[in-house]
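Engineer: could you work out the structure for the sequence below:
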Amino acid sequence: MNLRIVASGDQQARKIRDHVLPLLRARGTLGVQRDTVRLIELGIDGWLFRHWTPFNDLTPGEASSPGYRHAIERQRTRSDLPYGLGVWRGPEMLRILWADDGTCDVVSFLRGAWEAEVLAL
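Structural biologist: I've put the predicted structure just below:
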């Protein structure tokens, strides 16, 4: 049986993520795409939000078939968490990573009054 230790901030971090992502999608701007990451950024009233996804244009010569992509993914020993959100107001307040299967990792979470402020945006 696999056990996963859940930090007390995981639920609140997910709540912030779920609140911020629609804002980013509606009003964010596409940043410079690097390697296999597409970055969307949004600045509001001193806040900086960055959301990255693994989607990008295919490189020349890369196979476009889903089977090829799945074969490459199966070669990895540990699943990547391809999606991410960073929240800054001065220092980084939150960094959360997740995957399509629901796996989530709260990398850093500086708790404080800012949580209510960001949820009010």
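Engineer: where does the protein dip in pLDDT?
Structural biologist: Applying pLDDT under 70 to the chain flags the ranges 1-8, 32-36, 55-79.
Engineer: hey, where'd the helices end up in it?
Structural biologist: 10-27, 66-74, 114-119 (DSSP state H).
Engineer: the longest one: which residues count as buried?
Structural biologist: Burial within helix 10-27, assessed by neighbour count using 16 or more other Cβ atoms under 10 Å, is assigned to 10, 12-13, 16-17, 20-21, 23-24. Every residue, glycine included, has its C-beta placed from N, CA and C.
Engineer: could those go into JSON lines alongside distance to Ala116?
Structural biologist: Shown next, in JSON lines, are the buried residues of helix 10-27 (distance: Cβ to Cβ, whole Å):
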{"residue": "Asp10", "distance to Ala116": "18"}
{"residue": "Gln12", "distance to Ala116": "10"}
{"residue": "Ala13", "distance to Ala116": "14"}
{"residue": "Ile16", "distance to Ala116": "10"}
{"residue": "Arg17", "distance to Ala116": "15"}
{"residue": "Val20", "distance to Ala116": "14"}
{"residue": "Leu21", "distance to Ala116": "18"}
{"residue": "Leu23", "distance to Ala116": "16"}
{"residue": "Leu24", "distance to Ala116": "19"}
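Engineer: if we can go back for a sec, so which of the helices of the chain is nearest Gly86?
Structural biologist: Closest to Gly86 of the helices of the chain, according to Cβ to Cβ: helix 10-27, at 10.1 Å.
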